[in-house]
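S.K.: build me a structure from this.
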Amino acid sequence: MIQPDPSKSPGNEAFSANLVDPTDTNPIGSANIGDMMSVAHDNLGLDPEIDVPSDWIAIQSIAKAVSARIRNDDFESDTNRLSAFLISDRPRTDAERLSAQKEPIVDNGSIAFAGSLWIAGPAFRSAYMRSFSKTSASEIFEELEELGLGRSPMFVFDPNATDLELRYYPNGIADADTVQLFLISQHEFSIEALDRVLQRFHETSIRTPDAKIGREGPWQNAAGYVPRPDTEAFLQNWTKIAINAGFQAPYSCEFEKPGTEGRCDLMLVSKHPTQPNTQVHHAVMELKVLRSRNSSDNPVSKTVNDAAIEKGLGQAIAYKTEQNAELAMLCCFDMRSMDLCDNDSCFKPIENSAKTAGVELRRYRMYGSSEDFRKEAYRG
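M.R.: Numbers count the residues shown, from 1 in each chain. This next block holds a predicted model:
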């Protein structure tokens, strides 16, 4: 939904359309519950409640739609201008204010997105389109601000980028420095492709508190290196979103699949080409969080972190064997304070066992401040 600009007068008629019309039989337009539930179930792998955050759904939905267009041969003839996507809970109302035209099908690759603003519900199956009058990225950002959308959460796709990516501005394009980048259209699975997706997510979303995930973040008190409650679930959800945005059909990222060896945190799968109702398991991933303090601000010992790493390796080996996966990966999100972090040395007790079992080890360092990151990155 369009967010009013505080600089505008509260009585400005341009924003009066944001109120729900009590006579409207379908006030949320294309953001209907059925679409949101269906897409959320497909992308998040669970039976969601209606309060599933719309950006969780939208990131994956828009990425899939853009990737479908990229796979279309006509994509090469599209204009090389960026496109912007406004996710709204009342897209029809917002579209009327912005004089946007209805497009009934936008998710199958048939529509050229370039050079236009798209207004839709999180499912992004149908949308409203308004062409930009400007051409360059800076001019289009200015045009969005002139339309009163500078503070509205916005998704942007630039076909001129070296790496095809979806850019998410949770605070709007007026705050252009707060942006998450999701690689998209990784057509073939490989460990290199998976690493690219995960590294981009890490660098732009969780490495420092400045790279905040949407309107939230993984920290309860970043300066004190105190993580938020349920950190594992929070990072698991967002890692899954990043992978689902990066890998398109026929791939799908699923999580917490029960098996004889327990539950696997994340699995990248595709339908078996010849065997019905059978999946090919390209990667199984076990996620662990390393801490120096827990969410109650109590210390966490090195012994506890070492045990988590060892357990994670055992789980990754078990899931790889049970699912006959091409790749197994143990991903550690390292939220330890500067004085207690031993970097990749945390893997020394298990590195030989991991190599023998064919399990890839990855550590994603999460700093409590950008200053701490700079100290470590540029010291010496």
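S.K.: now do stretch 337-348, average pLDDT.
M.R.: Averaging pLDDT along stretch 337-348 gives 96.
S.K.: end to end on it, go ahead and measure it.
M.R.: 19 Å (Cα to Cα, to the nearest Å).
S.K.: list the buried residues for that stretch?
M.R.: Within stretch 337-348, the residues that count as buried by 16 or more other Cβ atoms under 10 Å are 337, 340-341, 346-347. Where you see a C-beta, it was placed from the backbone N, CA and C, and this is true even at glycine.
S.K.: name the residues that touch it?
M.R.: 225, 290, 292-293, 302, 305-306, 309, 332, 334, 354, 361, 363, 365, 368, 372, 375-376 (Cβ atoms under 8 Å, 6 or more residues apart in numbering).
S.K.: looking at the residues you listed, which are in helices?
M.R.: Residues of these located in helices (DSSP state H): 302, 305-306, 309, 354, 372, 375-376.
S.K.: what is the nearest of those residues to Glu139?
M.R.: Asp372 (37.5 Å; Cβ to Cβ).
S.K.: ok, now which ones touch the closest one?
M.R.: 208, 338.
S.K.: ranges for the strands of the stretch 51-200 of the chain?
M.R.: Ranges of strands within the stretch 51-200 of the chain are 83-87, 101-103, 116-120, 127-131, 154-157, 165-169, 180-183, based on DSSP state E, counting those that start in this stretch.
S.K.: output the ones in helices among the contacts of stretch 337-348 as a markdown table; include the columns pLDDT and distance to Lys102.
M.R.: Below are these laid out as a markdown table (pLDDT from 0 to 100; distance: Cβ to Cβ, whole Å):
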| residue | pLDDT | distance to Lys102 |
| --- | --- | --- |
| Lys302 | 96 | 59 |
| Asn305 | 97 | 54 |
| Asp306 | 97 | 58 |
| Ile309 | 97 | 53 |
| Ala354 | 97 | 53 |
| Asp372 | 94 | 49 |
| Lys375 | 89 | 53 |
| Glu376 | 86 | 51 |
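S.K.: and those, which of them are buried?
M.R.: Buried by 16+ other Cβ under 10 Å: 305, 309, 354, 372, out of the ones in helices among the contacts of stretch 337-348.
S.K.: give me the pLDDT for the closest residue in space to Trp56 that isn't next to it in sequence.
M.R.: Leaving aside its sequence neighbours, Trp56 sits nearest to Ile241 (Cβ to Cβ, 6 or more residues apart in numbering; 6.0 Å). The confidence metric pLDDT takes the value 92 at Ile241.
S.K.: any idea how many residues pack against Ile241?
M.R.: Neighbour count for Ile241, taken as other Cβ atoms under 10 Å: 25.
S.K.: flag every buried residue along the helix or strand hosting it.
M.R.: In the assignment (DSSP states H and E), Ile241 maps to helix 231-246. Neighbour counts over helix 231-246 (16+ other Cβ under 10 Å) mark 231, 234-246 as buried.
S.K.: equivalent analysis for stretch 351-366, please.
M.R.: 354, 357, 359-366.
S.K.: now, the most widely separated pair of the residues you listed?
M.R.: Pairwise over the buried residues of stretch 351-366, using Cβ to Cβ, the maximum falls at Ala357 and Met366, 26.3 Å.
S.K.: out of the buried residues of stretch 351-366, name the ones that lie in strands.
M.R.: Within those, residues falling in strands by DSSP state E are 359-365.
S.K.: contacts only, for the residue nearest to Asn72 when sequence neighbours are not counted.
M.R.: Leaving out its chain neighbours, the residue that sits closest to Asn72 by Cβ to Cβ, 6+ apart is Gly109, at 4.3 Å. Contacts for Gly109 (Cβ under 8 Å, 6+ apart) come out as 65, 68-72.
S.K.: what's the closest non-adjacent residue to Ala65?
M.R.: Ala65 sits nearest to Asp107 (Cβ to Cβ, 6+ apart), 4.5 Å away.
S.K.: wait, Leu287
M.R.: Nearest residue to Leu287, sequence neighbours excluded (Cβ to Cβ, 6+ apart): Asp265, at 4.6 Å.
S.K.: so where does that neighbour fall, helix or strand?
M.R.: strand 262-271.
S.K.: starting at the chain centroid, how far to that strand?
M.R.: Relative to its parent chain, strand 262-271 has a centroid offset of 18 Å by Cα atoms, centre = their mean, to the nearest Å.
S.K.: use 25 as the first number for this chain going forward.
M.R.: Fine by me, first position is 25 from now on; the one you just mentioned is strand 286-295.
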